[in-house]
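Undergrad: one predicted model, sequence on top.
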Amino acid sequence: LVASFLSNCSSTLTRENRSGSCTLKSTALHTSFAELAPICSDLPSDAHVNIFSFLHPKDVLSFACCDNACHQLVDNSLSDSSLHIWKVLWERDYAWLITTWPLGQKVHEREVRKNRMIDKLLYFEFGQTYVNYLLTGHSTNESCLVGVHGNIYDLSN
């Protein structure tokens with residue numbers, strides 16, 4: 001039930017978003033709205049997190065556009081489920097940068113005391129700025145790192 005709904009919802013919304021339309025016209029999606037209430041309200045929060053952990057963030061946001069209950073599940077920064085969903089997605093997509101890469105480990109040690117919650121906003125901000133985040137403090141002759149289009153180059157002497 002959940003897998004069929006998510007595949008119908010994300011593929012239909014993706015097609016319509018490419019055309020620039022925000023209206024939902026697909027009959028497959030309208031028939032799925034009747035099945036939506038149990039997905040958003042009856043499943044426990046750990047099931048939501050597990051399901052969304054396999055999806056691309058674009059699909060998670062498409063799911064949030066289905067109705068208000070889904071929007072609250074994914075987009076409510078005060079909800080534990082929402083925070084956990086975005087934390088799991090962040091850990092899946094970006095945690096390797098600060099846990100396995102030596103440069104990222106140094107940055108993480110410097111920033112660990114800030115202790116910011118991982119929510120949707122942080123997920124997308126980090127995705128856009130992680131190169132700058134990792135290169136902070138590396139603009140000297142001894143350590144000159146440059147980021148271009150998501151790649152990091154060492155220009156040190």
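TA: Alright, I've got the coordinates.
Undergrad: and V148, bridged to which residues?
TA: V148 has these beta-bridge partners by DSSP bridges: N151.
Undergrad: for Q105, see how far away it is.
TA: Separation of V148 from Q105 (C-beta to C-beta, to the nearest Å) stands at 23 Å. In this view, the C-beta of every residue, glycine as well, is placed from N, C-alpha and C.
Undergrad: tell me where this structure has helices.
TA: With helices called from DSSP state H, the chain shows them at 2-18, 27-37, 45-52, 57-64, 68-75, 80-93, 95-99, 102-111, 120-135.
Undergrad: can you tell me which residue is spatially central in the protein?
TA: Centroid-nearest residue in the chain, with C-alpha atoms, centre = their mean: P57, separated by 4.4 Å.
Undergrad: for S81, see how far away that residue is.
TA: 16 Å.
Undergrad: with Y133 instead?
TA: Y133 is 27 Å from S81, by C-beta to C-beta.
Undergrad: repeat for V74
TA: Between V74 and S81 the distance is 8 Å, computed by C-beta to C-beta.
Undergrad: so if I had to pick from these two, which one is more boxed in?
TA: For the pair V74 and S81, the greater number of neighbours falls to V74 (23 against 19), based on other C-beta atoms under 10 Å.
Undergrad: what sits against the closest residue in space to that one that isn't next to it in sequence?
TA: Among residues not flanking V74 along the chain, A64 sits closest, at 3.8 Å (C-beta to C-beta, 6 or more residues apart in numbering). Contacts for A64 were tallied using C-beta atoms under 8 Å, 6 or more residues apart in numbering; they are C70, H71, L73, V74, D75.
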